[in-house]
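Asks: need a 3D model of the following:
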Amino acid sequence: MAAACLFAVGAVDPVSSPGRAAETPPSHRQCSPNGRLCFTLAVAGGNATWSLERDGAPVIAPSQIGFLLRGAGKWEHGLVLGEPVRARRTVTWEQPWGESRFVTDDHREMSVPITEQGKTRRTIVLVARVFDDGVGFRFAFPDQPQLADVRIDEELTEFNLAGKAQAWWIPGGEWNRYEYLYKQTPAEAVTTAHTPITFRRADGLHVAIHEAALDDYSGFWLQRIEDQRFRTRLAPSSQPWKVRRAAPFETPWRVVLVAEDAPQLYAAADIILNLNEPSRIADTSWIRPHKYVGIWWAMHLDKWSWNAGPKHGATTEHARRYIDFAARHGFGSVLVEGWNEGWWSESGRNFKFAAAYPDFDMDAVSAYARARGVELMGHHETAGNAGLYERNLAQAFDYYRKHGVHAVKTGYVADAGGVLREDPDGTEQWEWHDGQFMARHHVLVAKEAARRRIAINAHEPIKDTGLRRTWPNLMSREGARGTEYMAWGEPPNPPSHEPTLVFTRMLSGPLDYTPGIVSLEGRGGRPIPNTLARQLADYVVLYSPLQMAADLPENYAKAPDALAFIERVPVDWERTRVLSGQIGQFAVVARQRRGGQDWWLGGVTDAAQRTVRVDLSFLPAGRRYTAEIWRDGPDGGIEGNRFSMVREKRTVTAADSLSMVMESGGGFGIALTPRDGRGRR
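Replies: Here you go, the predicted structure:
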């Protein structure tokens, strides 16, 4: 069933502007439903600026807007504001899957035409939606003869951050896409950053900057200009311009999230979803959150290979063994990487998406899986050759549909700027992973996959901007430094990585982090700086509707207590609450099973041992729960016995709290099940 609007109060209800003097007003202001957060658009000296205040104090100081247009100069000076059109909207809508089943969209909107004076008189409309915990604004280019074929060299939107702040960020415009460890620096030390980027001011206010609804435009990096003044820098294109659109069209939303602490910042990220259009897939019943295993980790350990040869991983024999394991332990699908011809060709020029290597029998393997109630998860690696992939999309997805594949992991392994496509005349062009071509590409893949009832899990992707609302088959993606770096990365992901991701990368949407490495070993036996309980906690803390049990089957056989958690933990949720946390230090997350009464909790810490009090007052009053706990043993931690884990049960109620000790690099997982047996749907 498609996502539905449940109720509306004044939905998109126009509000008349107050009476004004005849002269053009210098500014317009729109406040949030609770009145605490206010967005102001003003013109001074012919330049337009926007600003954001909370409780009368600046969050974003006056910041300029504008565009550098190819062949048409700047749209920046001599600007005059027109009269605003205002609206208000309060609705609650249902997700087909997600961190929370129901999402409330409560905002006030202001649309203001901004017109140049002089001969051209080009008009661009700024649309701002103000929520209690953030704002989104975008630019609408109307249909007008003087600005019809719009070619944008640069967008000049600024963010002048008020109040000294620390920043958590990864570099934008460098070779490795999004796969970096986060830096913590003063905001004044940021160079060029990907979004989401998170700031914490000295007074504790948390501010994050991102974008929403990026579907036919270049993604932006945030470039510091001076002090704490930042400007959008659009990802490059193979063309002289960075964006080309025919009017009328709208840019993606520029988003600022504002919260008093890190847990509330996570909750504020619903704004990203609310700024996207409703689902374009009428029937979403086939889109199925689930856990999967796969032929993957052994390649990162260098035991198997993706390409054909004596170490080839994707063989019929190996696939059958993984299918048997999945069937025994209740996993929904088996990912098979490296089954198709073409590994590893330079820039993916030799990839074939419907031709298996001789040692992999797709017909036999898919039939074997079907007979055991398991599906295959497909894999389409492109090596960045998105052009070749687009030319073969129909054939590739038809092949998978024929074999009962309903989810596909896509991959775009190439350095930044190394995405290959072709012009109609066959000329090769090189694009960026977050440029306009790839923004269009990911939407095209979603459309073609949806026609065949196939979900997408994109790796080496463009950043998530909430398009999963519009295309719910865009279920998960990578776009971060994932678990594979635990196998071979120098350095491996430190314990601070996950509690940083929760309040940075996770603001944008689901992350296929591929947890569950119960062996705690990477390539050549290198130790992973996590505890066993920490690997379990990641299933709750780092949300994805497609969660991988990434380790080898033989390693799970040696860790039955850990496997019991992984088998049972849900992947689809009724509601989510971040109970406590600080960026880069720790996070404690509680999620209720969708359609059930049981809650699952996860906690992770950095390299410091940490005791946290877990308040259970979110549970219904008067009900008794069994708390099954997987926690670090007292001799655990990354400096002790990383495998030390205690599994225990307690009876608790909403009046209780749990004191949980997380050893260095450790964590915990908790299942809270009603004693009356109504825990599951």
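
Asks: could you use CA atoms for every contact and neighbour count after this?
Replies: Will do.

Asks: mind naming the longest helix for this structure?
Replies: When the chain is parsed with DSSP state H, its longest helix is helix 436-451.

Asks: show me what the very next helix or strand once past that one is packed against.
Replies: Per DSSP states H and E, the first helix or strand lying C-terminal to helix 436-451 is strand 455-459. Strand 455-459 is packed against strand 407-411, helix 436-451, strand 474-477, with contacts defined by 3 or more C-alpha pairs under 8 Å, 6 or more residues apart in numbering; DSSP states H and E.

Asks: state the mean pLDDT of the longest helix of the chain.
Replies: Mean pLDDT, computed over helix 436-451, is 98.

Asks: from the contact counts, what lies against it?
Replies: Applying 3+ C-alpha pairs under 8 Å, 6+ apart, one finds that helix 436-451 contacts helix 386-391, helix 393-402, strand 455-459.

Asks: quick check: buried residues in the second one?
Replies: In this case it means helix 393-402. The neighbour-count check on helix 393-402 (16 or more other C-alpha atoms under 10 Å) flags 393, 396-401 as buried.

Asks: any stretches of this protein with poor pLDDT?
Replies: Along the chain, the model assigns pLDDT under 70 to residues 1-25, 677-681.

Asks: list the buried residues of whichever strand in it runs longest.
Replies: For the chain, the longest strand by residue count, based on DSSP state E, is strand 102-116. Buried residues in strand 102-116, counted by 16+ other C-alpha under 10 Å: 102-116.

Asks: what residues go with each domain of this protein?
Replies: Domains of the chain are assigned by automatic domain parsing as 5-12+27-274, 290-479.

Asks: can I get those in a markdown table with distance to Arg526?
Replies: Below are the domains of the chain laid out as a markdown table (distance: least, C-alpha to C-alpha, whole Å):
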| stretch | distance to Arg526 |
| --- | --- |
| domain 5-12+27-274 | 19 |
| domain 290-479 | 10 |
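
Asks: let's verify Val413: helix, strand, or coil?
Replies: For Val413, the assignment made with DSSP: H, G, I helix; E, B strand; the rest coil gives coil.

Asks: surely it and Glu460 touch.
Replies: Yes. Using C-alpha atoms under 8 Å, Val413 is in contact with Glu460, at 6.0 Å.

Asks: of the two, which one has the most company?
Replies: Legend: neighbour count by other C-alpha atoms under 10 Å for Val413 and Glu460, higher for Glu460 (24 against 21).

Asks: correct me, but that one touches Gly482?
Replies: No. Counting by C-alpha under 8 Å, Gly482 is not a contact partner of Glu460; they are 10.7 Å apart.

Asks: all strands for the stretch 1-150 of the chain, in order.
Replies: Using DSSP state E, counting those that start in this stretch, the strands of the stretch 1-150 of the chain run over residues 5-8, 13-15, 27-31, 37-44, 47-54, 57-64, 67-69, 73-75, 79-81, 85-94, 102-116, 123-131, 134-141, 149-155.

Asks: can you list the strands that the longest one pairs with?
Replies: Okay, so that is strand 102-116. Using DSSP bridges, the strands paired with strand 102-116 are strand 79-81 (antiparallel), strand 85-94 (antiparallel), strand 123-131 (antiparallel).

Asks: and of these, who's closest to Leu205?
Replies: Leu205 sits nearest to strand 123-131 of all the strands paired with strand 102-116, at 16.4 Å, using C-alpha to C-alpha.

Asks: in space, what's closest to the residue nearest the centre of the chain - neighbours in sequence excluded?
Replies: What sits nearest the mean C-alpha location of the chain, by C-alpha atoms, centre = their mean, is Gly509, with 2.8 Å. Excluding its sequence neighbours, the residue lying closest to Gly509 (C-alpha to C-alpha, 6 or more residues apart in numbering) is Asp464, at 6.0 Å.

Asks: phi and psi next, for that neighbour.
Replies: Backbone torsions of Asp464, given as degrees, to the nearest 10, read phi -80, psi 130.

Asks: quick one: it from Ala559, how far?
Replies: Applying C-alpha to C-alpha, to the nearest Å, the value for Asp464 to Ala559 is 34 Å.

Asks: neighbour count winner among these two?
Replies: Neighbour tally, Asp464 and Ala559, criterion other C-alpha under 10 Å: the higher count belongs to Asp464, 27 against 14.

Asks: that one touches Leu511, doesn't it?
Replies: No. Contact criterion C-alpha under 8 Å: Asp464 and Leu511 do not qualify, at 9.3 Å.

Asks: any common contacting residues for those two?
Replies: The contact sets of Asp464 and Leu511 overlap at 477, 479 (C-alpha atoms under 8 Å, 6 or more residues apart in numbering).

Asks: burial count for Arg591?
Replies: Counted with other C-alpha under 10 Å, residues neighbouring Arg591 total 25.

Asks: who's in contact with it?
Replies: Arg591 is in contact with 99, 540, 573-577, 599-601, counting by C-alpha under 8 Å, 6+ apart.

Asks: that one belongs to a strand?
Replies: Yes. Counting by three-state DSSP, Arg591 is part of a strand.

Asks: which one is it nearest to, not counting chain neighbours?
Replies: The shortest distance from Arg591 to any residue other than its chain neighbours is 4.4 Å, reached at Thr576 (C-alpha to C-alpha, 6+ apart).

Asks: need the contacts of Arg591 in CSV with secondary structure, distance to Ser279 and neighbour count, can you?
Replies: Converted to CSV, the contacts of Arg591 look like this (DSSP: H, G, I helix; E, B strand; the rest coil; distance: C-alpha to C-alpha, whole Å; neighbours: other C-alpha atoms under 10 Å):
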residue, secondary structure, distance to Ser279, neighbour count
Glu99, coil, 17, 24
Val540, helix, 26, 25
Trp573, strand, 19, 22
Glu574, strand, 19, 20
Arg575, strand, 20, 18
Thr576, strand, 22, 21
Arg577, strand, 25, 18
Trp599, strand, 28, 27
Trp600, strand, 28, 25
Leu601, strand, 30, 27
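
Asks: what's near enough to touch the closest residue to Ala654 other than its chain neighbours?
Replies: Of all residues not flanking Ala654 in the chain, Ser617 sits nearest, at 4.4 Å (C-alpha to C-alpha, 6+ apart). By C-alpha under 8 Å, 6+ apart, Ser617 lies in contact with 653-657.

Asks: again with Gly524
Replies: When the contact criterion is C-alpha under 8 Å, 6+ apart, the partners of Gly524 are Leu301.

Asks: Phe325 too?
Replies: Going by C-alpha under 8 Å, 6+ apart, Phe325 touches Pro553.
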